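In: no sequence on this one, just coordinates:
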């Protein structure tokens, strides 16, 4: 708690087609699928980078082995990083990929597994699970004849360097399978699937497929099917052994619903997310990821579409739920584009992780720039700079700014007057922004080594002071008392 909260622009790559996040104590890793070029030749590759808790980069390396980075495809154990993937689906080259790195980014092992057995097409790897000496790569494929979905799990045994494929079909209906995988306290594996086109009304239903480590089916557990809902690919195993999963209920719009069941599939509790009210001012909530926090709570992230009285834009949404189904808090975050017109930026969160100190890291993308966006808040979803309201407005200028060089600003806090020492004689412009992201003052300067400014006419509070020169941009916080 109390750590600075910032949007950080980490990876500048407009051709990234997907990215995943994993935290290791107070460091974190990002894997991003992208298009690489060498001698004018384009090929799919994977970019992996390591960062400290404030987003500063340790290293970033490309690996020409896969062109898809998948949700839940990166896991960390001890001093090794495990990354799963697949080649974009096509008739030839149906493979799962596995890459193991050390924490310095050195490649320890790379494997490509032929997944074309069984006359199938369109191989997708949705993630990996580590269990002792085994690595399980799970996902889905479909048959050439009839185009029926198949749940396909590959088990790789590290000490023997051998692999085996397990395929599963539903007992009824058709599969849209292999979305998630967990290991329970008994060492059994749980694969999360959707069954659809169930006769006679073509309904859908959740399935938790329980298998042992040798791939044998032990049990099929079926969840509820309220109003022909659609799956949202998210499943977690709580510390008490019960299951939580998300689906969308088609009530005048697709409404996310969080459901908790026991191991037989009986509902214990559920939460409906707010959608459009009678004035259509709230908009639609979309949940993209959920995890179990260190203390057993459930963290969910997604976005809220702004509508009507809330203006236009797409907020980052973050929510914390207790294991008993109590909503502890929910918050939205955005940066204003034009407050006079109620216009905000469009953010699309894709992942959420928790640091060892309990603070929370959200990753996503944005419509107004191409970089990957990271937002860090404390364990209560609060920001030291911007407070702890249900709707938190961050600074628009902070989205794209990372200091290009060092300057010295003092005194800070200040009663109004302060000095900025530049690193050398410089020419440029300075500007000051309030907490709403509005410009309150700005001026150009020429051949100066220092700036003497007076903010005594401004209201007390926190301001962002931005210096733009030919060498880049620097931002400092100024507290006016």
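Out: Cool, got the structure. Every value quoted in this text rests on a predicted model; they were computed, and no experiment measured them.

In: how many residues are close by residue 318?
Out: 22 (other Cβ atoms under 10 Å). Using the backbone N, CA and C atoms, a C-beta is placed for each residue, glycine as well.

In: right, and it touches residue 379 too?
Out: No. Using Cβ atoms under 8 Å, residue 318 makes no contact with residue 379, being 11.2 Å away.

In: list the residues that contact both of these two?
Out: Residues touching both residue 318 and residue 379 by Cβ atoms under 8 Å, 6 or more residues apart in numbering: residue 360.

In: check contacts around residue 331.
Out: By Cβ under 8 Å, 6+ apart, the neighbours of residue 331 are 317-319, 377, 381-382, 388-392.

In: typo on my end, residue 429
Out: So residue 429 contacts 442-445, 467-468 (Cβ under 8 Å, 6+ apart).

In: please flag which of those sit within strands.
Out: Judged by DSSP state E, strands contain the following of the contacts of residue 429: 442-445, 467-468.

In: just the buried subset of these, please.
Out: By neighbour count, with 16 or more other Cβ atoms under 10 Å, the ones in strands among the contacts of residue 429 hold 445, 467-468 as buried.

In: what separation do you get for the closest residue to residue 287 other than its chain neighbours and residue 150?
Out: The spatially closest residue to residue 287, leaving aside those adjacent along the chain, is residue 302, at 3.9 Å (Cβ to Cβ, 6 or more residues apart in numbering). Computed with Cβ to Cβ, to the nearest Å, the distance linking residue 302 and residue 150 is 29 Å.

In: these two: which is more packed in?
Out: residue 302 (27 against 20).

In: please identify which helix or strand holds the more buried one.
Out: Assigned by DSSP states H and E, residue 302 belongs to strand 298-306.

In: past that strand, which element shows up next along the chain?
Out: Assigned by DSSP H and E, the successor of strand 298-306 is strand 312-321.

In: buried ones in stretch 104-114?
Out: Of the residues in stretch 104-114, 105, 111-113 count as buried by neighbour count, 16+ other Cβ under 10 Å.

In: now the residues you listed as a markdown table including secondary structure?
Out: A markdown table is the format used below for the buried residues of stretch 104-114 (DSSP: H, G, I helix; E, B strand; the rest coil):
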| residue | secondary structure |
| --- | --- |
| 105 | coil |
| 111 | strand |
| 112 | strand |
| 113 | strand |
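
In: check the residues you listed for the minimum pLDDT and say which it is.
Out: Confidence by pLDDT is poorest for residue 112 among the buried residues of stretch 104-114, given 87.

In: tally of neighbours for the residue lying closest to it once chain neighbours are set aside?
Out: In space, and not counting its chain neighbours, residue 112 is closest to residue 95: 5.1 Å by Cβ to Cβ, 6+ apart. By the criterion of other Cβ under 10 Å, residue 95 has 18 neighbours.

In: what residues are up against residue 95?
Out: For residue 95, the contact set (Cβ under 8 Å, 6+ apart) comprises 86-87, 112-115, 123.

In: what's the distance between it and residue 175?
Out: From residue 95 over to residue 175 the distance is 21 Å, taken as Cβ to Cβ.

In: try residue 53
Out: Remark: distance between residue 53 and residue 175 (Cβ to Cβ) = 41 Å.

In: again, but for residue 286
Out: Distance from residue 286 to residue 175, counting by Cβ to Cβ: 24 Å.

In: now the strands: where do they sit in the stretch 201-350 of the chain?
Out: Taking DSSP state E, counting those that start in this stretch, the strands of the stretch 201-350 of the chain run over residues 203-211, 217-222, 230-237, 243-250, 254-261, 267-272, 285-292, 298-306, 312-321, 327-334, 336-338, 343-354.

In: closest to residue 100 out of those?
Out: Nearest of the strands of the stretch 201-350 of the chain to residue 100, taken as Cβ to Cβ: strand 343-354 at 20.1 Å.

In: show me the contacts for the residue most central in space within the chain.
Out: By Cα atoms, centre = their mean, the chain has its centre lying nearest to residue 351, at 1.4 Å. Shown in contact with residue 351 (Cβ under 8 Å, 6+ apart): 19-21, 71, 288-289, 301, 362-364.

In: of those residues, buried ones?
Out: 19-21, 71, 288-289, 301, 362-364.

In: tabulate these (CSV), appending pLDDT and distance to residue 356.
Out: Shown next, in CSV, are those (pLDDT from 0 to 100; distance: Cβ to Cβ, whole Å):
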residue, pLDDT, distance to residue 356
19, 75, 22
20, 83, 19
21, 87, 15
71, 64, 23
288, 87, 24
289, 91, 19
301, 94, 19
362, 93, 17
363, 90, 18
364, 87, 22
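
In: name the nearest of those residues relative to residue 480.
Out: Closest approach to residue 480 among the buried ones among the contacts of residue 351 (Cβ to Cβ): residue 362, at 29.9 Å.

In: what's the one helix or strand the closest one maps to packed up against?
Out: Using DSSP H and E, residue 362 sits within strand 360-366. With contacts taken as 3 or more Cβ pairs under 8 Å, 6 or more residues apart in numbering; DSSP states H and E, strand 360-366 sits against strand 18-24, strand 312-321, strand 343-354, strand 373-377.
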